[in-house]
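Undergrad: only geometry, no sequence info:
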């Protein structure tokens, strides 16, 4: 009988240890996700621009496909590769992330160049392309969104990995999987809510209640403006995140002046602005990172667009 009680005590102790471990993992996952909050917001801002101009009944389907692609990228590629590199070759994480940052700078700068140069595809052209080959157009939209999301997701997961670097390997793997699932659900849940807000407005506008109907009409009128603002924010977010990745990357690789200057200006603003110092310092860091992203992206866009022309002329 005493043996049975001893066994039950051992089981109870094991359960307590397991529960404590799960609590630690859940807490670490929450901290890691919070640390990456800035890039998560950028991810949510970037995505809605990919479903603008599409048929309303296809919006949720496309968002679902992008979300599935994003989760697949995280679980099948980013998390395993990040864990493997952090174990075997941690020095490779920064250069690989910088290549992704360079791509984000290029994509953000290219969007600005298309807008300023008049090369941006007109809505009529996009609608004609969608009407001529709906399935192909959707594949193109999903592919572009998932490709951009891959870079942002890699940044999110590396930030999360750095936050839990002291954890055991298995705990790190579980935490990163939890962060990947949670952040994907959060980002694309918010995106789905944003892009369907005008449909909700139409439903509310048909209600008999005057206040509810007015709210619905306001939502319908506001959503084109909200989506346009989010589209612009998404482009700026690409430049900010890309520029920040490059600044931090070159700093970690041993070249300190660029990020040292940005950090010095950030601290000056923090010290000079009192209670708002934290926010304004972050804003300055973000703005300078976006400027770096825009300059680097413009150089890449120039090379990408001028070299083919020179070869064709030659």
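TA: Structure's in. What do you need? Just so it is clear, the model here is predicted, and its values are computed rather than measured.
Undergrad: And what about residue 299, helix, strand or coil?
TA: helix (DSSP: H, G, I helix; E, B strand; the rest coil).
Undergrad: ok, so what distance separates it from residue 106?
TA: Distance of residue 299 to residue 106, computed by C-beta to C-beta, to the nearest Å: 9 Å. Where you see a C-beta, it was placed from the backbone N, CA and C, and this is true even at glycine.
Undergrad: who has more neighbours, the two?
TA: Counted by other C-beta atoms under 10 Å, residue 299 and residue 106 do not tie: residue 106 has more neighbours, with 22 against 14.
Undergrad: which residues touch the helix or strand containing the more buried one?
TA: In the assignment (DSSP states H and E), residue 106 maps to helix 93-117. Here helix 93-117 makes contact (C-beta atoms under 8 Å, 6 or more residues apart in numbering) with 82, 85-86, 119-121, 148, 150-152, 154-155, 158, 235-239, 241-246, 249-250, 252-253, 293-294, 296-298, 300-301, 304-305.
Undergrad: and with 7 Å instead?
TA: Contacts to helix 93-117, defined as C-beta atoms under 7 Å, 6 or more residues apart in numbering, come from residues 82, 85-86, 120, 148, 151, 154-155, 158, 235, 238-239, 241-243, 245-246, 249, 252-253, 293-294, 296-298, 300-301.
Undergrad: What mean pLDDT does that helix get?
TA: For helix 93-117, mean pLDDT is 85.
Undergrad: Flag every buried residue along stretch 90-98.
TA: Within stretch 90-98, the residues scored as buried using 16 or more other C-beta atoms under 10 Å are 93, 94, 96, 97, 98.
Undergrad: Relative to residue 294, how far out is the third one?
TA: Counting by C-beta to C-beta, the separation of residue 96 from residue 294 is 23 Å.
Undergrad: Also the second one?
TA: Distance, residue 94 to residue 294, by C-beta to C-beta: 22 Å.
Undergrad: need the longest helix for the chain.
TA: Taking DSSP state H as the criterion, the chain has its longest helix at helix 210-252.
Undergrad: I'd like the mean pLDDT over the helix or strand following that one, please.
TA: Remark: after helix 210-252, the chain's next helix or strand is helix 257-272, criterion DSSP H and E. What helix 257-272 shows for mean pLDDT is 91.
Undergrad: Same check on stretch 285-296?
TA: In this model, stretch 285-296 has a mean pLDDT of 93.
Undergrad: what residue ranges in the stretch 1-150 of the chain score low on pLDDT?
TA: In the predicted model, the stretch 1-150 of the chain carries pLDDT under 70 at residues 1-56, 119-134, 137.
Undergrad: All the helices of it, in order from the start?
TA: With DSSP state H, counting those that start in this stretch as the definition, the stretch 1-150 of the chain shows helices at residue ranges 2-35, 37-46, 56-72, 79-88, 93-117, 123-132, 134-163.
Undergrad: that older thread, distance from the helix holding residue 106 to the middle of the chain?
TA: 14 Å (C-alpha atoms, centre = their mean, to the nearest Å).
Undergrad: do the same with stretch 78-93
TA: 20 Å.
Undergrad: swap in stretch 252-267?
TA: In terms of C-alpha atoms, centre = their mean, the centre of stretch 252-267 is set 24 Å apart from its chain centre.
Undergrad: Next, the residues that contact that stretch from outside, please.
TA: Applying C-beta under 7 Å, 6+ apart, the contact partners of stretch 252-267 are 94, 247, 248, 250, 251, 281, 284, 285, 288, 289.
Undergrad: I'd assumed residue 242 was in contact with the last one.
TA: So that's residue 289. No: checked against C-beta atoms under 7 Å, the pair residue 289 and residue 242 is beyond contact range at 8.3 Å.
Undergrad: And for residue 187, the neighbour number?
TA: Neighbours around residue 187, by other C-beta under 10 Å: 25.
Undergrad: What helix or strand is it located in?
TA: Using DSSP H and E, residue 187 falls in helix 169-195.
Undergrad: and that helix with helix 210-252, angle?
TA: 140 degrees (axes from the mean of the first three to the mean of the last three C-alpha atoms, to 10 degrees).
Undergrad: Which positions in the helix or strand that comes right after helix 169-195 come out as buried?
TA: For helix 169-195, the following helix or strand on the C-terminal side (DSSP H and E) is helix 197-205. Within helix 197-205, the residues that count as buried by 16+ other C-beta under 10 Å are 198, 199, 201, 204, 205.
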